[in-house]
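**Student:** sequence? don't have it. structure:
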């Protein structure tokens, strides 16, 4: 497997500077942030994309993933979502996702990660959320299929799709090979699942993995590797046992003030445990 680090911890850096830090730290790739202040699609032109590609090439780095999940440029991480009650507001997330697919294609990336629906509106049922999310995603699937850029849904605590079973239920509603899974090990641990046990279950859908540690109380706090309660070695061994040859990206966005040191610390942990 290859190791990446998410640029969403590097909001205080320019995207090219973030690439330099991660290359120097020993990572194989970077997860690009399709949001402000980096590569928000409406603010990113072909010259910006070319600059990123040239810089990645100069540092012998690859794109591990394109993060089109976080969307602070409009309101907040999760809003607008794919399941807003206001259809016009919901359309903003759909239009953003189409732009993200176009930008990923320009960057020659294979996939983007997206939020699993969003927070279920008060008074609405989970069933309504699944139906609405399915309808929203069907609006962007034709673009994904035309471009050959896949949409990876990432289960997350407190959003519509939290668990493995909910993800599988959703996949039964979507008839497209362009939709898959961004498997976030910490998120599944938060909802009481053993990430290592779910690797094989979701392997046929998983094109990319996120990794962070999580505290022993299972709270959704992305924590430096080795400082939480997850069996990180067990999870990575399970991934390796599937002969996966893609990227595992460390995602530690809460560490913005110490992003460079945090990335180096995560790499030191992975090296000490024999994963490089």
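**Tutor:** In hand now; what should we look at? What you see is a predicted model, and the numbers here were worked out from it, not measured in a lab.
**Student:** Please count neighbours and contacts with C-alpha atoms only from this point.
**Tutor:** Noted.
**Student:** I'd like the average pLDDT over stretch 28-48.
**Tutor:** Stretch 28-48 shows a mean pLDDT of 97.
**Student:** Hmm, I typed the wrong one, I wanted stretch 164-175.
**Tutor:** Mean pLDDT, stretch 164-175: 96.
**Student:** And for it, what's in contact with it?
**Tutor:** 130, 134, 138, 155, 161, 179, 188, 198, 202 (C-alpha atoms under 8 Å, 6 or more residues apart in numbering).
**Student:** residues of stretch 136-151 that come out buried?
**Tutor:** Buried residues in stretch 136-151, counted by 16 or more other C-alpha atoms under 10 Å: 136, 137, 138, 140, 141, 143, 144, 147, 148, 149, 150, 151.
**Student:** Out of these, flag the one nearest to residue 36.
**Tutor:** Nearest to residue 36, judged by C-alpha to C-alpha, of the buried residues of stretch 136-151 is residue 151 at 20.3 Å.
**Student:** what packs against the helix or strand harbouring the closest one?
**Tutor:** Using DSSP states H and E, the element containing residue 151 is strand 150-153. If you count contacts as 3 or more C-alpha pairs under 8 Å, 6 or more residues apart in numbering; DSSP states H and E, strand 150-153 packs onto strand 111-114, helix 126-147, strand 179-184.
**Student:** Quick check: what element follows that strand along the chain?
**Tutor:** Criterion used, DSSP H and E; the element after strand 150-153 is helix 164-171.
**Student:** Just the buried residues of that following helix, please?
**Tutor:** 164, 167, 170, 171.
**Student:** Can you redo those residues as TSV, where the extra columns are distance to residue 257?
**Tutor:** Below are the buried residues of helix 164-171 laid out as TSV (distance: C-alpha to C-alpha, whole Å):
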residue	distance to residue 257
164	33
167	33
170	37
171	38
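**Student:** And the strands in the chain, which stretches?
**Tutor:** In the chain, the strands defined using DSSP state E lie at 2-6, 29-33, 62-67, 111-114, 150-153, 179-184, 206-211, 247-250.
**Student:** Run the chain-centre distance for the first one.
**Tutor:** Taking C-alpha atoms, centre = their mean, to the nearest Å, one finds strand 2-6 lying 11 Å from the centre of the chain it belongs to.
**Student:** Ok, the third one next?
**Tutor:** Offset of strand 62-67 from its chain centre (C-alpha atoms, centre = their mean): 9 Å.
**Student:** Residues contacting it, please?
**Tutor:** Residues outside strand 62-67 that contact it (C-alpha under 8 Å, 6+ apart) are 3-4, 28-34, 56, 104, 109, 111-114, 208, 247-249.
**Student:** can you list contacts of stretch 96-106?
**Tutor:** Under C-alpha under 8 Å, 6+ apart, the answer for stretch 96-106 is 34, 41-42, 46, 49, 66, 68, 110-112, 140, 143-144, 147-149.
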